[in-house]
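> here is a sequence with its predicted model. Questions after.
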Amino acid sequence: MSEKKARLSIDGIEETIELPVYAGSTGPDVVDVRSLVGQGVFTYDPGFVSTAACDSDITYIDGGAGVLLHRGYPIEQLAEKSNFLETCYLLLNGELPTANEREAFENTIRYHTMVDEAIHQFFRGFPRTAHPMAMLCGVVGALSAFYHDNLDIDNPEHRLLAAHRVIAKMPTLAAMCYKHGVGQPFMYPQNSMGFAENFLHMMFGTPCEEPRVSPVLAKAMDTLFLLHADHEQNASTSTVRLAGSTGTNPYACIASGIAALWGPAHGGANEAVLDMLYEIGDESRIEEFIQRAKDKDDPFRLMGFGHRVYKNYDPRATVIRGICDEVLEELGSENDPLLRIAKKLEKIALEDEYFIERKLFPNVDFYSGIILKAIGIPTSMFTVIFATGRTPGWIAHWHEMLSESYRIGRPRQLYKGYTKRDYPG
Ligand code: SDX
């Protein structure tokens with residue numbers, strides 16, 4: 001039972017309304033406003049800036065301090081000491097796996113990486129020029145045609161099987177989106193390879209050559225997936241939760257998350273950052289774009305900068321910036337002009353009052369595209385990479401919500417349209 005109370009007095013309502021206040025294990029307290037509808041009032045919070053839509057044990061963000069914890073472990077430590085599949089296990093199960101659990105989980109994922117051969121035909125229907133996110137959205141939603149009829153979402157084992165399937169198949173489908181666009185044969189996953197190594201093999205391997213993936217690039221890819229794995233109640237995760245609250249199947253939920261992630265204000269920002277860096281083109285034009293970003297009459301924003309929660313450095317951006325240098329050095333392109341522009345842009349922005357005053361720092365998307373481009377991944381595939389990394393987070397939140405009692409999400413509104421009027425005549 002909550003000890004702390006909030007007291008709300010509203011003009012026109014005689015008595016003071018007492019609302020319970022709950023504390024989490026850390027972070028801001030929450031005021032339980034559920035009883036307000038009985039008083040004939042709603043809360044109003046477009047964009048959910050001040051709204052906790054659920055409780056969760058999975059990820060905690062302290063935006064002021066630039067802290068990101070997955071089940072309590074700081075993202076910097078996971079990036080240094082863990083790997084993507086171990087982090088998937090952690091997000092899903094709440095604890096790091098033992099050696100046996102890790103091996104069993106890796107095998108489980110390994111043996112779910114293939115997709116039904118019929119899915120190859122789906123891609124044949126897309127134009128070569130289709131955006132990879134359009135294809136990914138379509139084929140992931142279609143996975144429910146293959147699996148959902150024997151899925152009982154109230155059965156935790158069924159939910160975990162669905163989670164394993166979707167985590168395992170995303171890299172295979174992601175690579176197929178790329179291969180379709182370049183007109184090359186789809187590559188089958190190799191059970192002898194690690195998760196990220198397999199993904200790069202399916203992306204860049206061909207039936208004409210022996211599999212060959214750089215361990216440095218595989219490690220960088222694995223860390224990028226890990227850094228994107230989860231991020232609390234962001235727009236796409238909230239979309240997955242809302243879809244899941246209707247009882248629909250997990251593949252439809254993940255497809256809804258992919259659709260939400262695509263937007264340039266969210267996961268589409270990594271693609272938009274590269275487009276922006278290409279548009280800037282030269283360090284001499286940086287100031288022009290900084291001025292445009294500050295101009296209220298210009299819709300241009302500095303892509304990869306700013307965050308709803310972080311009012312400090314996004315800790316993921318810091319890790320990715322470090323990997324940037326390693327990968328570009330490995331590839332002998334440490335003098336990459338885009339990296340030079342990005343670093344100069346970051347420096348100038350962080351010294352500019354407009355960005356300082358609004359606490360606008362580089363976010364996860366600012367540097368990730370530079371690494372992906374260096375690895376040879378086309379810009380149009382960047383958000384597909386983000387979606388592949390974010391899948392464990394989406395499905396862990398779906399699984400967590402269905403593990404507890406939940407209600408269908410159904411927000412209300414402040415109605416400002418016509419009041420009742422009669423049809424003329
Ligand atoms: C992701 O939520 C998550 O956790 C998301 C994510 C995840 O892992 O899931 O972290 C991934 O989506 C990262 C964000 C990627 N998006 C971008 O990089 C796009 C550029 N950034 C912005 O569009 C913006 O910063 C948002 C969308 C990220 C945040 O928007 P908010 O919280 O609604 O902030 P806002 O739009 O109200 O901006 C506050 C002020 C405004 O100025 P004023 O009206 O106060 O004068 O800051 C300005 C904005 O104009 N501003 C920017 C800016 N971002 C905010 N001005 C210039 N360039 C920018 N990038």
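Received it, and whenever you're ready, just let me know what you need. Residues are numbered from 1 along each chain as shown.

> up against the ligand, what does the stretch 301-425 of the chain have?
By Cβ under 6 Å from any ligand atom, the residues of the stretch 301-425 of the chain that approach the ligand are 301-309, 358, 360, 363-365. In this view, the C-beta of every residue, glycine as well, is placed from N, C-alpha and C.

> buried only: go through the residues you listed for me.
By neighbour count, with 16 or more other Cβ atoms under 10 Å, these hold Arg301, Leu302, Met303, Gly304, Phe305, Gly306, His307, Val309, Leu360, Asn363, Val364, Asp365 as buried.

> give me the mean pLDDT for the host helix or strand of Leu161.
Assigned by DSSP states H and E, Leu161 falls within helix 156-182. For helix 156-182, mean pLDDT is 97.

> could you do stretch 120-129 as well?
Per-region confidence: stretch 120-129 scores 97 on mean pLDDT.

> with stretch 65-84 instead?
Stretch 65-84 comes out at a mean pLDDT of 98.

> do the same with stretch 364-379
Mean predicted confidence for stretch 364-379 is 92.

> any idea how far the residue in the chain that the ligand sits nearest to is from Leu372?
At 2.3 Å from the ligand, Gly306 is the closest residue in the chain, using Cβ to the nearest ligand atom. Here the criterion is Cβ to Cβ, to the nearest Å. By it, Gly306 lies 21 Å from Leu372.

> as TSV, the buried ones among the residues of the stretch 301-425 of the chain next to the ligand with distance to Ala142 would be great.
Formatted as TSV, those follow (distance: Cβ to Cβ, whole Å):
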residue	distance to Ala142
Arg301	34
Leu302	37
Met303	31
Gly304	32
Phe305	36
Gly306	35
His307	33
Val309	33
Leu360	39
Asn363	32
Val364	29
Asp365	28
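
> so which of the residues of the stretch 301-425 of the chain next to the ligand are in helices?
Among these, DSSP state H puts Val364, Asp365 in helices.

> in TSV, list the residues of the stretch 301-425 of the chain next to the ligand along with distance to Leu338.
Shown next, in TSV, are those (distance: Cβ to Cβ, whole Å):
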residue	distance to Leu338
Arg301	18
Leu302	15
Met303	13
Gly304	12
Phe305	16
Gly306	20
His307	22
Arg308	26
Val309	27
Arg358	25
Leu360	20
Asn363	17
Val364	17
Asp365	14
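
> residues from the stretch 101-250 of the chain in reach of the ligand?
His231, Asn234.

> low pLDDT regions in the stretch 101-250 of the chain?
Across the stretch 101-250 of the chain, residues meeting the criterion (pLDDT under 70) sit at 149.

> try it again with 90
Within the stretch 101-250 of the chain, the ranges that satisfy pLDDT under 90 run 147-151.

> hey, where'd the helices end up in it?
Assigned helices in the stretch 101-250 of the chain, in chain order: 118-124, 132-142, 144-147, 156-182, 195-204, 215-227, 235-244, 250-261 (criterion: DSSP state H, counting those that start in this stretch).

> tell me what the third one is packed against?
The reference is to helix 144-147. Helices and strands touching helix 144-147, by 3 or more Cβ pairs under 8 Å, 6 or more residues apart in numbering; DSSP states H and E, are helix 250-261.

> tell me the angle the helix it packs on makes with helix 156-182.
Counting by axes from the mean of the first three to the mean of the last three Cα atoms, to 10 degrees, helix 250-261 lies at 50 degrees to helix 156-182.

> just how off-centre is helix 250-261 within its chain?
Centroid separation between helix 250-261 and its chain, computed with Cα atoms, centre = their mean, to the nearest Å, is 11 Å.

> tell me what angle it forms with helix 235-244.
Using the same axes, to 10 degrees: helix 250-261 against helix 235-244 is 150 degrees.

> for helix 250-261, which positions count as buried?
Residues of helix 250-261 classed as buried by neighbour count (16+ other Cβ under 10 Å): Pro250, Tyr251, Ala252, Cys253, Ile254, Ala255, Ser256, Gly257, Ile258, Ala259, Ala260, Leu261.

> and Phe84, what is it in contact with?
Phe195, Ala196, Asp222, Thr223, Phe225, Leu226, Ala229, Gly389 (Cβ atoms under 8 Å, 6 or more residues apart in numbering).

> what about Thr318, which helix or strand?
Per DSSP H and E: helix 315-330 holds Thr318.

> where does the stretch 301-425 of the chain dip in pLDDT?
324-337, 339, 350, 370, 374.

> picking that back up, just the ones of the residues of the stretch 301-425 of the chain next to the ligand in strands?
Per DSSP state E, strands hold no members of those.

> let me know the closest of the residues of the stretch 301-425 of the chain next to the ligand to Ala23.
Proximity of these to Ala23 (Cβ to Cβ) peaks at Val309, which lies at 19.1 Å.

> list the contacts for the closest one?
Val309 makes contact with Ile61, Gly63, Glu232, according to Cβ under 8 Å, 6+ apart.

> isn't Asn191 right up against Tyr111?
Yes. Counting by Cβ atoms under 8 Å, Asn191 touches Tyr111, with 7.3 Å between them.

> residues near Asn191, how many?
11 (other Cβ atoms under 10 Å).
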